[in-house]
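Q: below: sequence and its predicted model.
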Number of protein chains: 2
Amino acid sequence: MSRGDLSREANGLEPRLSRASVGRLSLYLRCLESYAREGSATVSSGQLGDVLGVTDAQVRKDLACLGNLGQPGIGYPTAELIAAIRGALGIDRDWAVALVGVGNLARALLRYRGFAQQGFRIVALFDVDPAKVGQRLDGLTISGVDQMPAVIAATGAELGLLTVPMEAAQQVADALVAAGIRGILNFAPAVLRLPSHVSLVSVDLAVQLEQLAFLVQVSGNYSGPEPTTR
Amino acid sequence: MSRGDLSREANGLEPRLSRASVGRLSLYLRCLESYAREGSATVSSGQLGDVLGVTDAQVRKDLACLGNLGQPGIGYPTAELIAAIRGALGIDRDWAVALVGVGNLARALLRYRGFAQQGFRIVALFDVDPAKVGQRLDGLTISGVDQMPAVIAATGAELGLLTVPMEAAQQVADALVAAGIRGILNFAPAVLRLPSHVSLVSVDLAVQLEQLAFLVQVSGNYSGPEPTTR
DNA sequence: GGATGTGAACGACTTCACAGCG
DNA sequence: CGCTGTGAAGTCGTTCACATCC
């Protein structure tokens, strides 16, 4: 089922970055940006690893995919490493994002500083509720789902954020796909079926809470062995 | 074979469920609840697997940890499987949850039906902003962080939802730990350090969007074959 | 000395294949 | 026959250990 790798360099023979690494790269990036603000010119794999609880070897393996920019005895040059990670993740440019389903979660995402900081710009709002269509929010006018193809073409949105109730999720996702979106970040507690050329990341909030309940339960039943990160 | 075959029921240490399985169990659960609503008395591993894109063998392996409740030639009894999964995940009871940081995201979580449906009850609200303290929201009064120990003891909250800005995250997390919380679901884009007896699950929304950008980018560079779930 | 890059060992998770039961 | 349960094989990801370079 799930595939999807391949390096972006011209030479196709680098060690491709695994799905697991990609998640960590985002975290390294945050960490590096923090180091950069403090003025560190270089950072070592040990420093990065300590902060988010992975081994130094793991960090080096993850970073190896970016080309050899570490300097033995010194570490990695902070600024260049940031640039390399952004390039590898595909966030060395801006992404225009459409948001569908204007509820509380949408409002939270709209104002989430982290998105804009990383180059994600919400350029369009949609809702199925006719009462909401036409309202303005943070400088954007809410459109109906029927206007999706036109608005998405006009704004150049490539990614979609889905914050609608479960029942509407598949239908709205289909509309996004039809309108030419290339990837969907889904917050609805539903398993979506999408054509293979559209990428999907799902975040199910109830699932996360259930994971937490499980961890708490087992750490209580038995003398809990491991802490837990991420 | 002849003797010594002690029952696998009573002993708590069955083939332990792997971290990876736990995430899928939540998804099976959703799927099963949907089947149950439609009136299916039994479900096969193939049916479950198809819906969320894993193999039937994988489903059986995951379900094996719950004891042998599958019937060859038939499948799994829906209702019993639901009960078994809820028991394994530790959601066969209610969990009292405290929410810290009453912004838009908190409002969204407060009204998220999925939580209540799975037995998670938000019983306390906290905020550092003195202007918010004392306000009421959905029948709850917002308390200050200084009241945390008293309120958490009084309400019996065991889990904490952290929806504060990055800067405040570690400090508030420490306060939750000091107040006796047993697990934290963190939405702040920060890496938290917690004592090992407190469980942690982190959801970083920007990281999720970055993952999506990566997937879209690689699927665009090359003829990206498969979609991606989870 | 300090830190990187990497093959090799290790462990975790997934798929395969098939015995066995309803 | 259909479907479960499970050892065996295979794949993927992490950790170790060490040669290498500044």
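A: Thanks, I have the structure now. Residues are numbered from 1 along each chain as shown, chains lettered A, B, ... in the order given.
Q: domain parsing for chain A?
A: A:5-89, A:95-207 (automatic domain parsing).
Q: quick one: distance of the last one to the chain centre.
A: Meaning domain A:95-207. 14 Å (C-alpha atoms, centre = their mean, to the nearest Å).
Q: does chain B sit close to the longest helix that chain A contains?
A: Using DSSP state H, we find that the single longest helix of chain A is helix A:19-38. Yes: applying C-beta under 8 Å from any C-beta of the partner chain, one finds helix A:19-38 in contact with chain B at A:19, A:22, A:23, A:26, A:27, A:29, A:30, A:31. The C-beta positions use only the backbone N, C-alpha and C, and glycine is treated the same way.
Q: how about those residues in TSV, adding pLDDT?
A: Converted to TSV, those look like this (pLDDT from 0 to 100):
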residue	pLDDT
A:19	88
A:22	96
A:23	95
A:26	97
A:27	97
A:29	97
A:30	95
A:31	96
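Q: that older thread, going by mean pLDDT, which of the domains of chain A comes out lowest?
A: Among the domains of chain A, domain A:5-89 has the lowest mean pLDDT, at a mean of 88.
Q: which ones are touching residue A:31?
A: Listed by C-beta atoms under 8 Å, 6 or more residues apart in numbering or on different chains, the contact set of residue A:31 reads A:48, A:51, A:52, B:191.
Q: does the second one touch residue B:191 like I think?
A: Yes: proximity of residue A:51 to residue B:191 meets the contact threshold set by C-beta atoms under 8 Å, at 5.9 Å.
Q: returning to what we had before: out of the domains of chain A, which one sits most buried?
A: domain A:95-207 (a mean of 19; mean count of other C-beta atoms under 10 Å in any protein chain shown).
Q: re the thing from before, in JSON lines, list the residues of helix A:19-38 next to chain B along with distance to residue A:121.
A: Output for the residues of helix A:19-38 next to chain B, formatted as JSON lines (distance: C-beta to C-beta, whole Å):
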{"residue": "A:19", "distance to residue A:121": "26"}
{"residue": "A:22", "distance to residue A:121": "21"}
{"residue": "A:23", "distance to residue A:121": "23"}
{"residue": "A:26", "distance to residue A:121": "18"}
{"residue": "A:27", "distance to residue A:121": "22"}
{"residue": "A:29", "distance to residue A:121": "18"}
{"residue": "A:30", "distance to residue A:121": "19"}
{"residue": "A:31", "distance to residue A:121": "24"}
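Q: tell me the spacing between residue A:170 and residue B:204.
A: 26 Å (C-beta to C-beta, to the nearest Å).
Q: swap in residue A:64?
A: Residue A:64 is 24 Å from residue B:204, by C-beta to C-beta.
Q: can you check residue A:16 too?
A: Applying C-beta to C-beta to residue A:16 and residue B:204 gives a distance of 23 Å.
Q: can you check residue A:151 too?
A: Between residue A:151 and residue B:204 the computed distance is 29 Å (C-beta to C-beta).
Q: ok, now residue A:132?
A: On the measure of C-beta to C-beta, residue A:132 and residue B:204 end up 28 Å apart.
Q: circling back to that earlier point, so which of the contacts of residue A:31 are in helices?
A: A:48, A:51, A:52.
Q: kindly indicate which of those lies nearest DNA strand C.
A: Closest approach to DNA strand C among these (C-beta to the nearest atom of the strand): residue A:48, at 7.8 Å.
Q: possible to save the ones in helices among the contacts of residue A:31 as a markdown table with distance to residue B:68?
A: A markdown table is the format used below for the ones in helices among the contacts of residue A:31 (distance: C-beta to C-beta, whole Å):
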| residue | distance to residue B:68 |
| --- | --- |
| A:48 | 45 |
| A:51 | 44 |
| A:52 | 40 |
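Q: between those, which sits nearest residue B:183?
A: Distance to residue B:183, by C-beta to C-beta, is smallest for residue A:52 among the ones in helices among the contacts of residue A:31, at 19.0 Å.
Q: not counting its neighbours along the chain, what's nearest the closest one?
A: Closest residue to residue A:52 apart from its sequence neighbours, by C-beta to C-beta, 6 or more residues apart in numbering or on different chains: residue B:191 at 4.9 Å.
Q: what residues does chain A put near DNA strand D?
A: By C-beta under 7 Å from any atom of the strand, the residues of chain A that approach DNA strand D are A:18-21, A:54-55, A:57-58, A:61, A:71-74.
Q: and those residues, which two are the farthest apart?
A: Spatially, the most separated pair among the residues of chain A next to DNA strand D is A:19 and A:73, at 31.9 Å (C-beta to C-beta).
Q: pull stretch A:31-45 out as CSV, backbone CA atoms only.
A: Extracted in CSV, the C-alpha atoms of stretch A:31-45 (Å, rounded to 0.1, in the frame of the first residue of the first chain):
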residue,chain,number,x,y,z
CYS,A,31,15.4,22.7,17.0
LEU,A,32,17.9,24.2,14.5
GLU,A,33,15.9,27.3,14.1
SER,A,34,16.1,27.7,17.8
TYR,A,35,19.8,27.2,17.8
ALA,A,36,20.2,29.7,15.0
ARG,A,37,18.3,32.3,16.9
GLU,A,38,20.8,31.9,19.7
GLY,A,39,23.6,32.4,17.3
SER,A,40,25.2,28.9,17.1
ALA,A,41,27.1,28.6,13.9
THR,A,42,27.4,24.8,14.2
VAL,A,43,25.4,22.0,15.8
SER,A,44,26.5,18.4,16.5
SER,A,45,24.4,15.3,16.1
